[in-house]
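>>> Sharing a model that was predicted from the sequence below.
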Amino acid sequence: MKRFMYTSALAVVAASAGVGMAQAQEDCGSVVIASMNWQSAEVLSEVDKFILENGYGCSAEIITSDTVPALTSMIEKGQPDVAPEGWVDLLPDVVDRGIADGKIVSAGPALSDGAVQGWWIPKYLADEHPDIKTISDALDHPELFPAPEDPSKGAVYNGPQGWGGTAVSEQLFKAYDGAEKGFVLVDSGSAAGLDGSMAKAYERQDGWLGYYWAPTSMLGKYDMVKLDHGAELDMDQWENCITVPECPDPQPTDWPVDSVETLLTTDFAERAGDGVMEYYKARSWSNDTVNALMAWMTDNQASGEDAAIYFLQNNEDLWKEWLPEDVAEKIRDSIN
């Protein structure tokens, strides 16, 4: 019901833009874009498809994949041509080797502020208690975050078992003396359980403290504040203790930001033309932008294709910075 008019709008665009694209396609040609299996990657791949087709005359195809198989295939087989949202920290050695061997290139960050993980509290609570800025500050106030099974203790909501962020939070809970400060670490059981605990607290304006990450639709829907770790990033501590569940004595450290980059095969980067490469080098957006877009997708049961049109219709001030004026004009004509 809420897919709106975007599918028909795209059909009109395709028909009106078809004339005159044949010659442009001789320059850009065909391009295969990998859409990873989550909302932010899905919509970004659709934004790329729309701009490449309507702005640069490419013939674009989207395939569904995931980080490891897509990036591995790009390096070993030269396909797909583009990974718009490549989480390079998931396989840094593979990506570094692919770049060093001249198989792939990075156009730069897809997320301008990187993928963020950490512990969060609701903004209304942060506003009421401006002294709470760090994890330690929050843990000084168990009364503000009552545990569901024992309100005399504070609660830190954790992610599902098996997630990397869940294991890290267990170590951080030890590092910041959570138990000694009167807190319990709550197993959310599932992603839905974690989301539900945040939503319930927010709707009741209750206290909530827990693990979460961005970009996500939840942080687009609920205004949350990420707590500072109150410590510099210590990569030795991070790699050898915080991310190692068996490490007995974790110490406070910041949580590193994950690099999320747009990766292209060298073959496509060379044949796509300077204009396409300049677009990819400029094309980057923030977590706040993506969070809000994902929240809109969730609320409207919208596809990535729907969301791409919605984004282009409502965020010209952002995307026009990615394009030269003549290409931006083509995009305006296409979405209108």
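Yep, it's here.

>>> And the strands in the stretch 201-336 of the chain?
Using DSSP state E, counting those that start in this stretch, the strands assigned to the stretch 201-336 of the chain run over residues 210-214, 224-226, 260-265.

>>> Distance to Pro148 and mean neighbour count for these - can I get that in JSON lines?
Yep, even glycine has a C-beta here, placed from its N, CA and C like the rest. Listed next are those as JSON lines, based on distance: least, Cβ to Cβ, whole Å; neighbours: other Cβ atoms under 10 Å:
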{"stretch": "strand 210-214", "distance to Pro148": "12", "mean neighbour count": "22"}
{"stretch": "strand 224-226", "distance to Pro148": "19", "mean neighbour count": "19"}
{"stretch": "strand 260-265", "distance to Pro148": "34", "mean neighbour count": "24"}
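
>>> Redo those as JSON lines? Include mean pLDDT.
As requested, those are exported to JSON lines (pLDDT from 0 to 100):
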{"stretch": "strand 210-214", "mean pLDDT": "96"}
{"stretch": "strand 224-226", "mean pLDDT": "97"}
{"stretch": "strand 260-265", "mean pLDDT": "97"}
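
>>> Relative to His129, which of the ones you listed is closest?
strand 224-226 (10.6 Å; Cβ to Cβ).

>>> Work out the gap between that closest one and the centre of the chain.
For strand 224-226, the distance from its own C-alpha centre to the chain's C-alpha centre is 16 Å (Cα atoms, centre = their mean, to the nearest Å).

>>> quick one: strands adjacent to it?
Sheet partners assigned to strand 224-226 using DSSP bridges are listed as strand 116-122 (antiparallel).

>>> Show the average pLDDT along the strand it pairs with.
Per-residue pLDDT values over strand 116-122 give a mean of 97.

>>> Export it to CSV, keeping only CA atoms.
Output of strand 116-122 as CSV, limited to C-alpha atoms (Å, rounded to 0.1, in the frame of the first residue of the first chain):
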residue,chain,number,x,y,z
VAL,A,116,29.7,3.4,14.6
GLN,A,117,29.2,1.0,17.4
GLY,A,118,28.9,1.7,21.1
TRP,A,119,26.7,2.2,24.1
TRP,A,120,23.8,4.7,23.8
ILE,A,121,21.2,6.4,26.0
PRO,A,122,18.0,8.3,24.9
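
>>> what comes into contact with it?
For strand 116-122, the surrounding residues in contact (Cβ atoms under 8 Å, 6 or more residues apart in numbering) are 132, 135, 138, 156, 165, 168-169, 172, 201-202, 205, 207-214, 219, 222-227, 229, 255, 257-258, 287.

>>> and the helix or strand just after it, how far out from the chain's middle?
Sequence-wise, the next helix or strand downstream of strand 116-122 (DSSP states H and E) is helix 123-128. What separates the centre of helix 123-128 from the centre of its chain is 25 Å, taken as Cα atoms, centre = their mean.

>>> closest one to Glu42 among the strands of the stretch 201-336 of the chain?
strand 260-265 (14.1 Å).

>>> and the closest one, how far out from the chain's middle?
Distance, stretch centre to chain centre, for strand 260-265: 14 Å (Cα atoms, centre = their mean).

>>> name the helices or strands packed onto that strand?
helix 67-77, strand 82-87, strand 104-109 (3 or more Cβ pairs under 8 Å, 6 or more residues apart in numbering; DSSP states H and E).

>>> Switch those over to TSV; also include distance to Ala115, mean pLDDT and mean neighbour count.
Formatted as TSV, these follow (distance: least, Cβ to Cβ, whole Å; pLDDT from 0 to 100; neighbours: other Cβ atoms under 10 Å):
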stretch	distance to Ala115	mean pLDDT	mean neighbour count
helix 67-77	12	93	18
strand 82-87	7	95	26
strand 104-109	10	97	19
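
>>> Just put the strands of the stretch 201-336 of the chain in a markdown table and tack on distance to Ser40.
Formatted as a markdown table, these follow (distance: least, Cβ to Cβ, whole Å):
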| stretch | distance to Ser40 |
| --- | --- |
| strand 210-214 | 9 |
| strand 224-226 | 17 |
| strand 260-265 | 9 |
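
>>> I am finished for the moment; much appreciated.
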